[in-house]
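Peer 1: show me the folded form of this:
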Amino acid sequence: MTLHPPKQTYAHKCGVILDALSRRLANINQAHTQHTATCLLGIPMVLIGTDAERGLWCFRLDLAGYVVKFHAAVAG
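Peer 2: Numbers count the residues shown, from 1 in each chain. All right, here's what the predicted structure looks like:
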């Protein structure tokens with residue numbers, strides 16, 4: 001059973017993993033492109049977040065449900 005992010009936070013007392021959130025949003029975007037009336041509801045987006053185990057991540061979501069994961073790093 002897949003829980004939505006707010007329900008998962010309240011049920012399990014922990015935050016949502018950014019990887020799971022990006023996949024869920026990509027699935028919703030892909031579902032909105034199936035019908036012409038809701039095609040405009042799909043939006044491309046970039047999610048940037050941090051994970052305690054893996055560090056900084058950047059996810060790019062496409063309208064077709066395609067998710068690209070980048071490892072974020074800074075040099076300067």
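Peer 1: OK, contacts around the residue most central in space within the chain?
Peer 2: Centroid-nearest residue in the chain, with Cα atoms, centre = their mean: Ser22, separated by 1.4 Å. For Ser22, the contact set (Cβ atoms under 8 Å, 6 or more residues apart in numbering) comprises Leu47, Phe59, Leu61, Val67, Lys69. Where C-beta positions appear, they are placed from N, C-alpha and C, glycine not excepted.
Peer 1: and it, that's in a strand?
Peer 2: No - when classified by DSSP: H, G, I helix; E, B strand; the rest coil, Ser22 is found to be helix rather than part of a strand.
Peer 1: mind checking how far the nearest residue to it once chain neighbours are set aside is from Ala31?
Peer 2: In this structure, Ser22 finds its nearest non-sequential neighbour in Phe59, 4.1 Å apart by Cβ to Cβ, 6 or more residues apart in numbering. Phe59 is 18 Å from Ala31, where distance means Cβ to Cβ, to the nearest Å.
Peer 1: show me which of those two is the more surrounded one.
Peer 2: Phe59 (20 against 13; other Cβ atoms under 10 Å).
Peer 1: secondary structure element holding that one?
Peer 2: Assigned by DSSP states H and E, Phe59 belongs to strand 55-61.
Peer 1: in the very next helix or strand once past that strand, what's buried?
Peer 2: Per DSSP H and E, the first helix or strand lying C-terminal to strand 55-61 is strand 67-71. Buried residues in strand 67-71, counting neighbours by 16 or more other Cβ atoms under 10 Å, are found at Val67.
Peer 1: okay, the contacts of Ser22 in a markdown table with distance to Val16 and pLDDT next?
Peer 2: Below are the contacts of Ser22 laid out as a markdown table (distance: Cβ to Cβ, whole Å; pLDDT from 0 to 100):
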| residue | distance to Val16 | pLDDT |
| --- | --- | --- |
| Leu47 | 11 | 87 |
| Phe59 | 13 | 89 |
| Leu61 | 15 | 87 |
| Val67 | 15 | 88 |
| Lys69 | 16 | 87 |
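Peer 1: no further queries at this time; thank you.
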